[in-house]
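Novice: Show me the folded form of this:
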Amino acid sequence: MKKTFLFLSFLTISLASCSKDNEPSISGPTTTTTTTTGAKLTYEANAKAIFTNNCVGCHPAFASYSGVKTNINNILDRIQRDGAGVMPRSGKMPQVNIDIIKQWQADGLLEK
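Specialist: Numbering: from 1, shown residues only. A predicted model of the protein is given here:
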């Protein structure tokens, strides 16, 4: 009887812990943004990876800080479009990446 009770208790607890949780994860994916200390975004720390992953394949000039800085207004225009002419051609990049680039520009387009 004792073994049966323990087994049923264990089974009940095990099944109760297997419920589907549809709540979003609190931690979620992380993103590089400004820190709580108010640090400004830089090309090296925040923007370079976005350009490398989304632009350099077709726009080799965007592989360098100077190439991106020179073209930042055109880049921002193209990545924020919703229709014709949006870049990258594969589809609009995630808004979080666009926000990082916009904040980097607002912070003064710092390299390092």
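Novice: can you map out the helices along this structure?
Specialist: 2-16, 48-54, 65-70, 72-79, 95-106 (DSSP state H).
Novice: mean pLDDT for those helices: which is lowest?
Specialist: Averaged per stretch, pLDDT over those is lowest on helix 2-16, reaching a mean of 51.
Novice: Please point out which parts of stretch 73-89 sit buried.
Specialist: Neighbour-count burial for stretch 73-89 flags 75, 78, 79, 86, 87 (criterion: 16 or more other CB atoms under 10 Å). (Each C-beta comes from the backbone N, C-alpha and C, glycine too.)
Novice: and the end-to-end length of that stretch?
Specialist: 18 Å (CA to CA, to the nearest Å).
Novice: Could you do stretch 102-112 as well?
Specialist: With CA to CA, one end of stretch 102-112 sits 16 Å from the other.
Novice: Nearest spatial neighbour of residue 105, chain-adjacent residues omitted?
Specialist: Nearest non-adjacent residue to residue 105, counting by CB to CB, 6 or more residues apart in numbering: residue 72, 5.8 Å away.
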